[in-house]
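Q: have a look at this prediction, sequence included:
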Amino acid sequence: MQDNLKADERIDELHRNGYKIIQNMNKFCFGMDAVLLSGYAKVKQNETALDLGTGTGIIPILLEAKTEGKHFTGLEIQEESADMARRSVAMNRLNSKIDIITGDIKEASGIFGLASFDVVTSNPPYMNDNHGITNPDLPKAIARHELLCTLEDVVREASKVLRPGGRFYMVHRPFRLVEIINTLSAYKLEPKRMKLVHPFVHKEPNMVLLECIKGGGSMIKVEAPLIVYKEQNVYTDEIYDIYGY
């Protein structure tokens, strides 16, 4: 298995179905936000799902382990990340269930066609030009900052590739929540469920999970918050359950 690795790469356990993932220690590695999104998203039996900006394929691999979906696709613009994702898919013997496509989120509807998926997920870049300092390392900067696509690009293409009544799941930052909801509504993706994620019970939220329905009505359920740590360096039971520990 180690022969499958390139320089500076490692294999990490995913604690689901014995699956593993290849990551480069000097590039952008997946974080808790991707894992939480994979626990929040629902892909039902015989449904197909697309992950926009899949990175090293963490969300399609975890969704295959956690749901009864029929097929999963990851779209990633950085070939180095897409290559790691493909090798992880092959390592886990999931080639018949997961496809990794190299391509631009802004062109997703042209790549896959309109109304071609039941579910779309995305853990998009959180920061735009007004937020934070751009990382000098390009792969990390692309993952964190809206250098190659904007929030509107992600939402627009998700709406286009979703079938009517399809579901869009996204993790983002609460400080952009007004902009997020306005953008979703503009593209007929109505938020139906929302869960705020707090690092500690007494701290303000630093993530938000959203489920949206294409063409849904304007009613949203704000769910009980998710607390990450019950004390320093000790996860809550809900987090352990999501990770599969």
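A: Arrived safely.
Q: my guess is Asn92 contacts Ile61. True?
A: Yes - using Cβ atoms under 8 Å, Asn92 makes contact with Ile61 at a distance of 6.5 Å. For every residue, glycine as well, the C-beta is placed using N, CA and C.
Q: which neighbours do those two share?
A: Tyr19 (Cβ atoms under 8 Å, 6 or more residues apart in numbering).
Q: the two - which one has more neighbours?
A: Ile61 (30 against 21; other Cβ atoms under 10 Å).
Q: what number of residues lie near Arg10?
A: 13.
Q: can you say which helix or strand has it in it?
A: strand 9-13 (DSSP states H and E).
Q: in its sheet, which strands sit next to that strand, and in what direction?
A: Strand pairing for strand 9-13, determined by DSSP bridges: strand 20-24 (antiparallel).
Q: continuing past the helix or strand of the chain with the lowest mean pLDDT, what's the next helix or strand?
A: Scoring the helices and strands of the chain by mean pLDDT, DSSP states H and E places helix 138-144 at the bottom, with a mean of 51. Next along the chain after helix 138-144, taking DSSP H and E as the criterion, comes helix 151-161.
Q: just how off-centre is the very next helix or strand once past that following helix within its chain?
A: Downstream of helix 151-161, the first helix or strand assigned by DSSP H and E is strand 162-172. In terms of Cα atoms, centre = their mean, to the nearest Å, the centre of strand 162-172 is set 12 Å apart from its chain centre.
Q: partner strands of strand 162-172 and their direction?
A: strand 117-122 (parallel), strand 207-214 (antiparallel).
Q: contacts for the first one next, please.
A: Right, strand 117-122. If you take Cβ under 8 Å, 6+ apart as the criterion, strand 117-122 is touched by 37-38, 41-44, 47-53, 59, 63, 69, 73, 154, 158, 161-163, 166-170.
Q: what average pLDDT does the strand holding Arg10 get?
A: The pLDDT scores in strand 9-13 average 95.
Q: any idea how far that strand is from the chain center?
A: Here strand 9-13 shows a centroid-to-chain-centroid distance of 19 Å under the convention Cα atoms, centre = their mean.
Q: can we start the residue count at 29 from this point?
A: Shifting the count to begin at 29 puts that one at strand 37-41.
Q: dump it to CSV, keeping only the CA atoms.
A: C-alpha atoms of strand 37-41 as CSV (Å, rounded to 0.1, in the frame of the first residue of the first chain):
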residue,chain,number,x,y,z
GLU,A,37,2.1,11.8,1.3
ARG,A,38,0.6,9.7,4.1
ILE,A,39,-2.3,7.3,4.6
ASP,A,40,-4.9,8.3,7.3
GLU,A,41,-7.6,6.0,8.8
